[in-house]
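[1] My questions concern the predicted model and sequence given below.
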Amino acid sequence: MKSRLLMANHVFLLLCASMYLGTGGSLVLFSFPLAPRLTPDNYYLQFVPQVQAATEFFTTMTKLMLAAALVMLWSEWRQPTRWVPIVVLLGVLVATGLTLKWIFPLNAAMAGHIKDAGELHRVLDEWMQLNRVRVGLWSVQWAALAWFFARWAYRSRYSALGR
């Protein structure tokens, strides 16, 4: 039973990392290209409600993700795979710090109905640049967890065959 609960924890952690990566990928691929067309008259509805909803959701998910990563670290501590939860924890902590210190103030500025086009694009450009960094952190977290599961799948399938 313990091994099944640990596996469920680890899969949940991969799900969270996948949600972050998917959200970040969606931003970069689909939202960022529209930024030059945003104006003080149309940006609010395209940006603010979605960011506020994401903030609520991801705040809770991040807390659960930290807890799951700590459980994974505890369970992997004596294994050569202990670096995986360490990478994930560090990535989550750095991304959270980046978000709290630099991204949230930009979110607040945009929620305040920016009226000047130059100011809007300055804030958007900074916001997009910081989010590219955050997507990089999310990519590293996801890659570490994907490697963890790929390692187990590979060993399960091929180690018995001597490959």
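    It's in.

[2] Now do the buried residues in stretch 63-83.
    Residues 65-66, 68-69, 71-73, 75-76, 81 are the ones in stretch 63-83 that count as buried (16 or more other C-beta atoms under 10 Å). Using the backbone N, CA and C atoms, a C-beta is placed for each residue, glycine as well.

[3] what does it contact?
    By C-beta atoms under 8 Å, 6 or more residues apart in numbering, the surrounding residues in contact with stretch 63-83 are 6, 9-10, 12-13, 16-17, 84-86, 88-89, 92-93, 144, 148, 151.

[4] Apply 10 Å and report the result again.
    2-3, 5-17, 19-20, 58, 84-93, 96, 141, 144-145, 147-148, 151-152 (C-beta atoms under 10 Å, 6 or more residues apart in numbering).

[5] now do stretch 43-50
    Outside stretch 43-50, the residues touching it (C-beta under 10 Å, 6+ apart) are 27, 31, 34-35, 37-38, 107, 110-114, 117, 120-121, 123-124, 127.

[6] make it 6 Å
    110-111 (C-beta atoms under 6 Å, 6 or more residues apart in numbering).

[7] For it, list the C-alpha coordinates in PDB.
    C-alpha atoms of stretch 43-50 as PDB (Å, rounded to 0.1, in the frame of the first residue of the first chain):
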ATOM      1  CA  TYR A  43      -5.900  44.400 -22.800                       C
ATOM      2  CA  TYR A  44      -7.800  44.100 -19.600                       C
ATOM      3  CA  LEU A  45     -10.400  41.500 -20.700                       C
ATOM      4  CA  GLN A  46      -7.700  39.600 -22.600                       C
ATOM      5  CA  PHE A  47      -5.400  39.500 -19.600                       C
ATOM      6  CA  VAL A  48      -6.600  40.300 -16.100                       C
ATOM      7  CA  PRO A  49      -9.500  37.800 -15.400                       C
ATOM      8  CA  GLN A  50      -7.400  34.900 -16.700                       C
END
